[in-house]
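Asks: take a look and give me a structure for this.
(chains A and B)
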Amino acid sequence: MSQDTTLVALTGLTALPSQVWGAIRLVPLVREEPITDLRLDDRLYGDDFAAVAVDRRTAYCSYIPHGYVANWTDDGTPASSYGTQLRRDADGPRPACVPLRFHRRMARRVDKNRVRFLPLHLALEGYLALHFGGPAVVWEEWSHRAVSRGLSPRVEQAYAGAEVEGLRDALRVFEIHPGQCGVMVYAADALAAAFVVPHPDDYRALHPSLVLDLFGELIHHYTTLHGPVPEFRARIRDGAVGSLAELRAEAARHQREWAEFHDHTMAGGLLDESYTLQRVRTMGPFALSRFLPPFHRNTEQHIGETITHADGRLAYLKTFRLSEAQTRRGHLLTLLAAHDWHFGATADALRVSRDQLATRVEHAGFGALLRQDIRDHYRAAARRAAT
Amino acid sequence: MENQTDLVAAEDLLLFVNAAITSTGQREFRSGEWQQRMSLDFLHAYVLGNYRELYAATLALDINHHNAALIVRRLLETAAEASPEQRRTEGRLIAGRLALLPPQRVYRLFRELRRAGVNNRRTRAIMRDWLAARPDPALDAVKYRAGVKAVARHAHLPLDTEMGLFLFAPHTRKAGFATPLFESWRRAHYTQSALYELPYTVAEGFAVKHGIARGAFLERIAPRLTRLERLRLQGSAREHRADAVVGDLATMPLTRLASYVLSLPLDDRVRRREELTAALRAAARRTAGPRAGSWGRVAAVLDDSFSAFGSAQKRRRPLAVALGCHFLLEALASELIPLWLSGRTDALLMYPLGPTPLGARVLDALEHRPDRLVIVSDGWDNAPPGLAGEVLRIWRTRLDPQGRTSVVHLNPVYDAEDFDVRRLAREVPTVGVRDAEDLPALVELAQFAEGRTRAAELWTHVDARVRRFLEVEG
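Replies: Model (predicted):
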């Protein structure tokens, strides 16, 4: 594992005109040449597999996006992939995953053996923990807790799709372009997520699953509170055109201007930020990395995973926009990590007492990272201080 | 001199006609069922409230069955508001339109009137006259039993003994009926062989009751199938190896045929290419009639984008209309330049795919300098949005101000939010289309949508249509 600071760039992809539905704007990203030697793991094609099975065997490596539930395990119980994985051979050892224990209602959904994401809450928190090297074991226990207690109301609603109704429709009526390998999702023109895959077939397979993706809070707030976003309609000046050829040139110019505007202005919050990059795995020409934002408050902060080709092309990208609370949480974890998870040093750096820091960690939802007896100890200390 | 009111009325009428042609109150690609219905309801109330005579006159135009039934219903519900003169015209228009509607729709309309408590003398007379004109009352009584029963009750119709017994106390007649169809119906309760003398929809229920295998049932009921039932059951019959159910493609209307072709898997279409193409061509030639070959060079921009799928209720309807238009224009034009949005060229193998780059395709079409440009699309130009409108605007205002190329946009989808079909540009007329067969009439109608100054001509056109309609229907 190596670490450095870098930008995320959409190399090899062109933004095409956006399609708008209510407050949601979807910007398709197309590749001129698909990347053929890195493909989605066969098992994720689910029912659609037969339709796209043509020469998939020629693929050199395969990948499994984070948070996908499928029958990864040998005994056939559903599990979720934990972190995006880069694999040489689909028949190799089973991918790193966390077993899931479902409600009856959810288990029924899994029975159909279709591609889907984990419930929002679990996946996103797991993702944060993953980025900071939190052990999978803890996360599993944690997921068990969340499931046995029932998920919080917010997550339940997201799962029912009621909250992201606009998104569901936007994805349904979205017309996929030929050669499309990615999409940028904007809610009320704030970038909510970017998603890029190596091949158009992979995109087609994963497009419907985007509705189960980790958008949640942000999309919900913005789509409910914000009215429809405007379309960027083509405008051609009357004076500029004297023939059909010139009209065509004007149309092409409009297309170029849109792509530039998108990459520099609309997606600026993602593409202009510099990220801490952590290289997880290199395989052939491909490198899988995770990136973390600087956790500045009150700005767009995205977290995500990329797979890049040695020649600089972006093969895979998945980002999640953190909510303000998550940014704060991230900030806390960065500090902890920076101080080698030493509690005292971190508390000193924050200029708070240890029990205050413990409360903060617990309130941030990372109580499971602390041992129960230590938590009790600090809690008692806090009570004593209060009285 | 025309005043502002006239112009507004003309625009409102065109808008309403567009809606009444396209919307069927069913789900569309981009709007739900209730959105369509709410929007349509508002439009009906608005036009009825402001232009009662025009509202009734639309019955003479090529509006779809759903809207025709709605109009009749609203006219009868508000009969008290009409003057005697209006009522007379309305009565004739309603009678004429009901004669054209499929019977199941009329029975449904009558039952809705009953539910709404509409029972004035005029309504009863209309029901009586319509029922009296039915060719086979016994068949109606068996096939639309609930409907006939409701009408008889509601309009106090005198029934002969046999019919009365059949409708209201069928199981009291142990000795059997004299009417053969009633007798078959009675026997079908006990005897399997009798059910094959009944209409398919009725026999189907009995077949389930007797536990007859689907394949065997289809095989034997085949002679009783109507033309559309035959077409609808093709797939099911093949699955159950009932070879007797053979669809007669040669007599099918163009758009139905197109829908059927699009419902077939691609492999089937490739295998039956000659047969299907011939049937489509024949239907198109039949529709074109004497106008065949008279349209000169025609360029057609046809929408096969993903949204042409329509909805689960209107499966591939927009694409079927585009496919129908493709073949009809082929027959009408001396030379057709078909441009599908996806760039595919084999019309028979179309399926909904990809975005809607209307602007670029319209540019391609105009480059051929055709005499006519016909655009068949739902108007959701999205790659990039609005380019088609800009191209057409500049073409009309700067590149071809004399109008050498006539441009018309046909839109098969009603946009519930705008109370109209979606337009591309103000300079180009947009009209709604339900069946490709109506294309020539719609192109005629489109000229009124083009200019804002020709309201008087529109009234003349509508009057002529109404007169022709009343003459034909007697």
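Asks: contacts, neighbours, all on C-alpha from now
Replies: Noted.
Asks: give the buried residues for the one helix or strand in chain B whose mean pLDDT sits lowest.
Replies: Sorting the helices and strands of chain B by mean pLDDT, DSSP states H and E puts helix B:439-450 at the bottom, at a mean of 82. Residues of helix B:439-450 classed as buried by neighbour count (16 or more other CA atoms under 10 Å in any protein chain shown): B:L439, B:P440, B:L442, B:V443, B:L445, B:A446, B:Q447, B:F448, B:A449, B:E450.
Asks: next, format the residues you listed as CSV and append distance to B:G235.
Replies: Compiled in CSV, the buried residues of helix B:439-450 are given as follows (distance: CA to CA, whole Å):
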residue, distance to B:G235
B:L439, 29
B:P440, 32
B:L442, 33
B:V443, 35
B:L445, 38
B:A446, 38
B:Q447, 42
B:F448, 43
B:A449, 42
B:E450, 44
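Asks: circling back to that earlier point, angle of the helix or strand just after the least confident helix or strand of chain B against helix B:439-450?
Replies: Per DSSP states H and E, the first helix or strand lying C-terminal to helix B:439-450 is helix B:455-473. Relative orientation of helix B:455-473 versus helix B:439-450 (axes from the mean of the first three to the mean of the last three CA atoms, to 10 degrees): 150 degrees.
Asks: now helix B:455-473: average pLDDT?
Replies: For helix B:455-473, mean pLDDT rounds to 87.
Asks: same check, this time on stretch B:358-373
Replies: So the average pLDDT for stretch B:358-373 ends up being 94.
Asks: what's the answer for stretch B:298-307, then?
Replies: Per-region confidence: stretch B:298-307 scores 95 on mean pLDDT.
Asks: and stretch B:345-356, how far out from the chain middle?
Replies: Relative to the chain's own centre, stretch B:345-356 is displaced by 23 Å; criterion: CA atoms, centre = their mean, to the nearest Å.
Asks: quick one: is that stretch near chain A?
Replies: Yes. Applying CA under 8 Å from any CA of the partner chain, one finds stretch B:345-356 touching chain A at B:L353, B:G354, B:P355, B:T356.
Asks: send me that stretch as CSV with only the CA atoms.
Replies: Coordinates of the C-alpha atoms in stretch B:345-356 are reproduced here as CSV (Å, rounded to 0.1, in the frame of the first residue of the first chain):
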residue,chain,number,x,y,z
THR,B,345,-31.6,1.0,-41.1
ASP,B,346,-33.5,-2.2,-41.0
ALA,B,347,-37.1,-1.1,-40.1
LEU,B,348,-38.3,-4.6,-39.4
LEU,B,349,-35.8,-5.3,-36.7
MET,B,350,-36.3,-2.1,-34.6
TYR,B,351,-36.5,-2.1,-30.9
PRO,B,352,-36.4,0.8,-28.5
LEU,B,353,-32.8,1.8,-27.9
GLY,B,354,-30.7,4.7,-26.9
PRO,B,355,-31.1,8.5,-26.6
THR,B,356,-33.1,11.0,-28.7
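Asks: contact partners of it?
Replies: Outside stretch B:345-356, the residues within contact range by CA atoms under 8 Å, 6 or more residues apart in numbering or on different chains are A:175-178, B:261-262, B:266, B:269-270, B:273, B:277, B:303-309, B:316, B:319, B:323, B:326, B:338-339, B:341-342, B:344, B:380-383.
Asks: same check, this time on stretch B:382-396
Replies: The contact list for stretch B:382-396 (CA under 8 Å, 6+ apart) reads A:16-19, A:231-236, A:238, A:247, A:251, A:255, B:355-360, B:362-363, B:381, B:401, B:403, B:424-428.
Asks: just those residues: which are in strands?
Replies: A:Q19 (DSSP state E).
Asks: and the contacts of stretch B:382-396, which are buried?
Replies: Buried subset of these (neighbour count, 16+ other CA under 10 Å): A:16-19, A:231, A:233-234, A:236, A:247, A:251, A:255, B:355-360, B:362-363, B:381, B:424-425, B:427-428.
Asks: near chain A, which residues of chain B?
Replies: Looking at chain A, the residues of chain B close enough under CA under 8 Å from any CA are B:29-30, B:305-307, B:353-356, B:360, B:363, B:367, B:382-387, B:390-391, B:394, B:398-399.
Asks: now the residues you listed: which count as buried?
Replies: Buried by 16+ other CA under 10 Å: B:29-30, B:305-307, B:353-356, B:360, B:363, B:382-387, B:390-391, B:394, B:399, out of these.
Asks: so where's the stretch 1-150 of chain B shaky on pLDDT?
Replies: Scanning the stretch 1-150 of chain B for pLDDT under 70 picks out B:1-2.
Asks: looking at it, which residue is nearest chain A?
Replies: Nearest residue of the stretch 1-150 of chain B to chain A, counting by CA to the nearest CA: B:R30, 6.6 Å away.
Asks: state the distance from that residue to B:G432.
Replies: B:R30 sits at a distance of 16 Å from B:G432 (criterion: CA to CA, to the nearest Å).
Asks: same question, A:Q19
Replies: Distance from A:Q19 to B:G432, by CA to CA: 24 Å.
Asks: and B:L392, by the same measure?
Replies: Taking CA to CA, one finds B:L392 at 19 Å from B:G432.
Asks: the two: who's more crowded?
Replies: B:G432 (31 against 23; other CA atoms under 10 Å in any protein chain shown).
Asks: wait, isn't that one in contact with B:L15?
Replies: No. The pair B:G432 / B:L15 is not scored as a contact, 9.1 Å apart, by CA atoms under 8 Å.
Asks: now for the two: what residues contact both?
Replies: Here B:G432 and B:L15 have B:V421 as joint contacts, going by CA under 8 Å, 6+ apart.
Asks: report the next helix or strand after whatever helix or strand B:L328 lives in in sequence order.
Replies: Element membership of B:L328, judged by DSSP H and E, is helix B:317-332. Moving toward the C-terminus from helix B:317-332, the next helix or strand (DSSP H and E) is strand B:335-340.
Asks: okay, now the unreliable bits of the stretch 101-250 of chain A?
Replies: A:101-165, A:212-219.
Asks: residue boundaries of the helices in chain A?
Replies: A:49-52, A:104-111, A:120-131, A:136-148, A:153-160, A:165-173, A:200-206, A:217-225, A:244-261, A:268-271, A:324-338, A:343-350, A:354-361, A:372-386 (DSSP state H).
Asks: could you list the domains of chain B?
Replies: The record's domain split for chain B, according to automatic domain parsing, is B:189-247, B:255-453.
Asks: which of these sits closest to A:H296?
Replies: Nearest to A:H296, of all those, is domain B:255-453, at 35.3 Å by CA to CA.
Asks: report the distance from the closest one to the chain centre.
Replies: With CA atoms, centre = their mean, you get 17 Å for domain B:255-453.
Asks: of the residues of stretch B:345-356 next to chain A, which is the nearest to B:V202?
Replies: Using CA to CA, B:L353 comes nearest to B:V202 of those, at 39.5 Å.
Asks: over to that closest one: give its phi and psi.
Replies: B:L353 adopts backbone torsions of phi -160, psi 130, taken as degrees, to the nearest 10.
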